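Asks: predicted coordinates and the sequence they were generated for:
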Amino acid sequence: MENSKEMRTWLNDLGLDHPLVIAGPCSAETEEQVLRIAHALKDTDVTYLRAGIWKPRTRPGNFEGVGALGLKWLQRAKEETGMLVGTEVANAAHVQLALEHDIDLLWIGARSTVSPFIVQEIADALKGTDKVVLVKNPVNPDLSLWLGGIERLYTADIKKLGVIHRGFSTYEKSKYRNIPEWQLAIELQSRFPDLPLICDPSHITGNRDMIFDVSQTALDLNFDGLMIETHDDPDNAWSDAAQQVTPDVLIQIMKDLKIRKESDAEAEYNSKLGTLRAQIDVIDNGLIETIGKRMRISDEIGQLKKQKNVAILQNKRWNEILGRMILEGQEKGLSEEFILKMFKAIHQESINHQEKILKA
């Protein structure tokens, strides 16, 4: 993908003075529902009306989409509103039907991105298409797998490409439905700065009340756009009710978001500075989260020491950790003085935690 700049052409050709917005219901439920939402989003910042036609569910028995019938509803919405339309495809048959119904934008979902076989099947079915094709990140944080999907499509002579960041599954308890792991998106940006990057805050949060904050973080990190699930009656949606917002809420979100514009040298400086600072904020939040996890493990060690009446301070173990961290820190360009100060502070906090447990 040496010439990744051509991937951005489709986005530039839209001529937007704001981030790209893809919005619509998680699932197309009825023709009337699709048309109501489409008309509510007409003449807003929304460029693409999205709706799930085929819904891959984790377990059978849940609503899995209306199927090809929903493509006709998207066609009618496009005719009545003039909006571009998009949906998810998961195999060659989906692709063929979507192309027959002149769907403008197709995306490959997280469950499909994990399989190179599925992505290759879709790439072969789309070979040479002029439709926009976006690839959601795989379920697990695997940057190579994500980029591999783009490479397969690019090799199939598909040039209108982009990626969707929808977060990653985790077994750990989190406030997110899918943890953002922003650093992976940051690394992707640094390697392919011209590859359009869209954030899906609906699937990251799983909670409509968190949509704005995640959207703002994405824009601060210089994302190109947002995909936000929007329903006129979200509480009664047939799928993912908790993460969908109403059209009125979406419109307000877009008004409230702070969007940086690059109109002159000073604005460009502030935009780049803001993006770098946002990256630091993401990393700082990750550091706090990691240290918190470390302390919870220290608490478990404290409980074990209390049960066995073992002393808190284990000098041999501490010296081994410190020596190893100094060497690893040097490889990362960190001074010995800094490593000593940081790990002594962390070690002291661990001791404080374990002392509380022993005294309890």
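Replies: Right, received. Where do you want to start?
Asks: going forward, measure contacts between C-alpha atoms and count neighbours the same way
Replies: Fine.
Asks: stretch 83-97 spans what distance, first to last residue?
Replies: Using CA to CA, to the nearest Å, the end-to-end distance of stretch 83-97 comes to 19 Å.
Asks: ok, and what's touching that stretch?
Replies: With contacts defined as CA atoms under 8 Å, 6 or more residues apart in numbering, stretch 83-97 is touched by 38, 42, 47-54, 68, 74-75, 77-78, 103-109, 112, 118, 121-122, 124-126.
Asks: narrow those residues to those that are buried.
Replies: Using 16 or more other CA atoms under 10 Å as the burial test, these include 38, 42, 47-54, 74-75, 77-78, 103-109, 112, 118, 121-122, 124-126 as buried.
Asks: select from those every entry located in helices.
Replies: Among the buried ones among the contacts of stretch 83-97, the members found in helices (DSSP state H) are 38, 74, 75, 77, 78, 112, 118, 121, 122, 124, 125, 126.
Asks: save those residues as TSV, and put in distance to residue 85 too.
Replies: As requested, these are exported to TSV (distance: CA to CA, whole Å):
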residue	distance to residue 85
38	10
74	7
75	8
77	8
78	7
112	21
118	23
121	22
122	19
124	22
125	19
126	17
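Asks: closest one of those residues to residue 212?
Replies: Closest approach between those and residue 212, by CA to CA: residue 38, at 21.3 Å.
Asks: if I pick the nearest residue to that closest one once chain neighbours are set aside, what's in contact with it?
Replies: Spatial nearest neighbour of residue 38, excluding adjacent residues (CA to CA, 6 or more residues apart in numbering): residue 77 at 6.2 Å. Applying CA under 8 Å, 6+ apart, we find residue 77 in contact with 34, 35, 38, 39, 83.
Asks: over to residue 65?
Replies: With contact set as CA under 8 Å, 6+ apart, residue 65 has these partners: 27, 28, 29, 52, 53, 54, 55.
Asks: neighbours around residue 231, how many?
Replies: Residue 231: 30 surrounding residues under other CA atoms under 10 Å.
Asks: report the contact partners of it.
Replies: Neighbouring residues of residue 231 by CA under 8 Å, 6+ apart: 24, 25, 26, 37, 237, 244, 245, 246, 247.
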